[in-house]
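> kindly generate the corresponding structure for this input.
(4 chains)
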Number of protein chains: 2
Amino acid sequence: MTMNVPLRREDVNDMSSVHIGQTVMPKGPARVEIGLSAAIVSVSRDEPLIMCVPTDADGETVDALPSGPFSPLEHRTLDAGLRAWVADQTDLDLGYVEQLYTFGDRGRHAQPFDQTPHTVSIGYLALTRKPVDADDSASEGAVWRSWYDFFPWEDWRQGKPSLLTDEIEPRLIEWASRVDTEPKAFRTVSRLERVRMAFGFDGGAWDEERVLDRYELLYDAGLVHEARRDGREVSLTWGALPKFGTPMLFDHRRIFATAIGRLRGKLKYRPVIFEMMRDEFTLFELQKTVEAILGPHLHKQNFRRLVESAGLVEPTGDVRAKTGGRPAKLYRFRRDVLIERPAPGVRVKPGRA
Amino acid sequence: MTMNVPLRREDVNDMSSVHIGQTVMPKGPARVEIGLSAAIVSVSRDEPLIMCVPTDADGETVDALPSGPFSPLEHRTLDAGLRAWVADQTDLDLGYVEQLYTFGDRGRHAQPFDQTPHTVSIGYLALTRKPVDADDSASEGAVWRSWYDFFPWEDWRQGKPSLLTDEIEPRLIEWASRVDTEPKAFRTVSRLERVRMAFGFDGGAWDEERVLDRYELLYDAGLVHEARRDGREVSLTWGALPKFGTPMLFDHRRIFATAIGRLRGKLKYRPVIFEMMRDEFTLFELQKTVEAILGPHLHKQNFRRLVESAGLVEPTGDVRAKTGGRPAKLYRFRRDVLIERPAPGVRVKPGRA
DNA sequence: TGAATAATGCTCGAATTGAGTATATCGAGC
DNA sequence: GCTCGATATACTCAATTCGAGCATTATTCA
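Below you'll find the predicted structure:
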């Protein structure tokens, strides 16, 4: 067994020049900055919402996610840093927060490459009950917007959006059939295969969780505005393109896409939906909230059977009148399920030894 | 709608002093370094393996994960940086790589707080087929080790490990019943509840995916060696403590724990297991590989029914003789499932509109 | 009072799952 | 070549879950 060089720091103020292996990296002035961004999500009136901070960039107003740089001197943890920025920009006090992903590719920040420090971007998902019902401004300029302003192709509440059939699919197919220009170092998946998997073309099913895959594909194909902003080449055969959803600052729409996908997935095996419900709710309100996030309609009777038999909720004893019909029983979340069930929904279950 | 300050950079060589909100952060010399670490996993002879790089730290040999700092000038993406470090330290050419989590808390690196740059650590999971069968050294000092050297309490292949009942559980209960010293800013979950959820005490079930929860709990309770190394207080009533698994450098065991949990979960809804199989395999070999990762035994006949009916594999036509009995048919992975099925195993399925 | 509107309750066949039994095919030893 | 032990593979069956529809109950509003 070979022993490696001892681990030590030669210059504490620069990028480490010693590491665990045997070769030594050349030093460089490489400076890294860490950006923290929160996709804060809520549901109100059956509409899924995202918290946005309108921001001025190059003279235009663009929506941004609440965000700021991580400052290790002031923030004890990444999480704390994020909460501080959010509190600062929105006056919201976050409850449930979950880290999503760390993005580090160059060129996604609409900045010149070599003069600014490289930004690595950590995205978070936060769930919250929408505080009041004043229908937009949350505080000092932060506003709630509908998810589907930014991702119209994800809105299947009225069935498959015509935007997909009419605008997106033909262009994606055209793009997929063009020659692949980027070097495909790893993952030998053709453009067409990517499109088929993400958008469920022939034989494929639409997977509501693949929000990021779809956004990235649209980015790579030059169909979303951010791609053009970042200077990606775009097919000349496409004339003036529609915007395909409202753009966002930097890579914020990418983080947002990650958030939607993660939330849609997580809903199915962890009781996170209750982070967005008030203390008391009817089963139909619960269903509507789930549907706002997942999309298509669920069978009402089966939904209540599922939720009740899974022990996720318990009746409070009260009822809500004025539902337009028979009053609905009120329920609350049963915190104990967290301990009882490992995760409502496991795949391969262990048998007996 | 309030407009925020325009976004710009005042000093490109320091932490940003402008951000999206309205207040301006004081500048600081806060320097951040990004560490990339890979938990490279494989299975051989029904034993789950992790790739380790023995490293000298403070005169002792400690196992580390293949890792190194992210250098934006040399690495185009985080992913590329990780692959470079792994290639450098192990001679492995990674296929499947998945980002796990970014850890940023202070004090997990066994380094003085204020003199070194703060390290933010991005962990990755990589799956690979074990190249040869030479039973350890992979190259230049890198070695394969069993998972359970590091996480003996996760090894349920022979039933519940006595280490849990005899050593861990009593100490955890003792710890949980002591007063909570840390500030519990968010998440009002008591120590006891955490222990019950993670380790499946009374009424709780053992969830094989909660590997990180369990490790973190042992860390917080001061039961794993890294906690003592990082200077966490430990109960004085516990005399000499066993090590509770082999320690690792820095926060590498934490990353490793994240990797195991993620892999155990992902196996159930994505065909990642095939990343660790050879091109041709028998169904029983496949089952043994799954069991090595998940733990308990699966019902043989039902396992094959599940795998076959899900369309995950197709017979090659060949058979493997010398199984000790009837020859076993050989199968290969059916790549098409990736397109056909969204994700084998969804929870709440959409009904009809 | 009676329609309209929801909430809630119940049923039933199809599909999935857990677990067991039965049969096939090899190698080794006689 | 036949039998035994071992393993792979095939088939069966009951219990449970799931998808979908019909039926009943409790309100509001005209």
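
> could you use CA atoms for every contact and neighbour count after this?
OK.

> next helix or strand past the helix ranked longest in chain A?
Determined from DSSP state H, the single longest helix within chain A is helix A:252-266. Next helix or strand after helix A:252-266 toward the C-terminus (DSSP states H and E): helix A:283-294.

> state the mean pLDDT of that next one.
Mean pLDDT, helix A:283-294: 89.

> got it, and stretch A:205-212?
88.

> what about that stretch, near DNA strand D?
No. Using CA under 7 Å from any atom of the strand, stretch A:205-212 stays clear of DNA strand D, with a minimum separation of 14.8 Å.

> can you pull the contacts of the residue nearest to the spatial centre of chain A?
Centroid check for chain A by CA atoms, centre = their mean gives residue A:259 as the closest residue, at 1.5 Å. Counting by CA atoms under 8 Å, 6 or more residues apart in numbering or on different chains, residue A:259 makes contact with A:39, A:100, A:124, A:125.

> give me the neighbour count for the first one.
Read that as residue A:39. 29 (other CA atoms under 10 Å in any protein chain shown).

> kindly state the beta-bridge partners for the closest residue to it other than its chain neighbours.
Nearest residue to residue A:39, sequence neighbours excluded (CA to CA, 6 or more residues apart in numbering or on different chains): residue A:125, at 4.9 Å. Note on residue A:125: beta-bridge partners by DSSP bridges are residue A:39, residue A:98.

> quick check: residue A:125 touching residue A:101?
No. Using CA atoms under 8 Å, residue A:125 makes no contact with residue A:101, being 9.7 Å away.

> which stretches in the stretch 51-200 of chain A count as strands?
A:60-64, A:67-69, A:96-103, A:118-127, A:143-146 (DSSP state E, counting those that start in this stretch).

> what's the most buried one of these?
Stretch with highest mean neighbour count among those: strand A:67-69 (a mean of 26; mean count of other CA atoms under 10 Å in any protein chain shown).

> now for it, which elements pack on it?
strand A:32-44, helix A:78-90 (3 or more CA pairs under 8 Å, 6 or more residues apart in numbering or on different chains; DSSP states H and E).

> any idea how far it is from the middle of the chain?
17 Å (CA atoms, centre = their mean, to the nearest Å).

> quick one: the strands in the stretch 201-350 of chain A?
Counting by DSSP E, counting those that start in this stretch, the strands of the stretch 201-350 of chain A are A:313-320, A:328-333.

> list the buried residues of stretch A:323-334.
A:328, A:329, A:330, A:331, A:332, A:333 (16 or more other CA atoms under 10 Å in any protein chain shown).

> and the contacts of stretch A:304-315?
A:271, A:283, A:329, A:330, A:331, A:332, A:333, A:334, A:335, A:337, A:344.

> what's the offset of that stretch from the middle of its chain?
28 Å.

> so which of the strands of the stretch 201-350 of chain A is nearest DNA strand C?
strand A:328-333 (3.3 Å; CA to the nearest atom of the strand).

> name the residues that touch the closest one?
In contact with strand A:328-333 (CA under 8 Å, 6+ apart) are residues A:274, A:279-283, A:312-321.

> biggest separation within the residues you listed, which pair?
A:312 and A:321 (22.9 Å; CA to CA).

> of the two, which one has the most company?
residue A:312 (20 against 11).

> how about the longest helix of chain A as CSV, C-alpha atoms only?
Taking C-alpha atoms only, helix A:252-266 is exported to CSV below (Å, rounded to 0.1, in the frame of the first residue of the first chain):
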residue,chain,number,x,y,z
HIS,A,252,-32.4,30.9,-11.3
ARG,A,253,-34.9,29.3,-13.6
ARG,A,254,-32.7,26.2,-13.6
ILE,A,255,-32.8,26.1,-9.9
PHE,A,256,-36.5,26.7,-9.9
ALA,A,257,-36.9,23.8,-12.3
THR,A,258,-34.9,21.6,-10.0
ALA,A,259,-37.2,22.7,-7.2
ILE,A,260,-40.4,21.7,-9.0
GLY,A,261,-39.0,18.4,-10.0
ARG,A,262,-37.8,17.6,-6.5
LEU,A,263,-41.0,18.7,-4.9
ARG,A,264,-43.2,16.6,-7.3
GLY,A,265,-41.1,13.6,-6.5
LYS,A,266,-40.8,14.1,-2.8
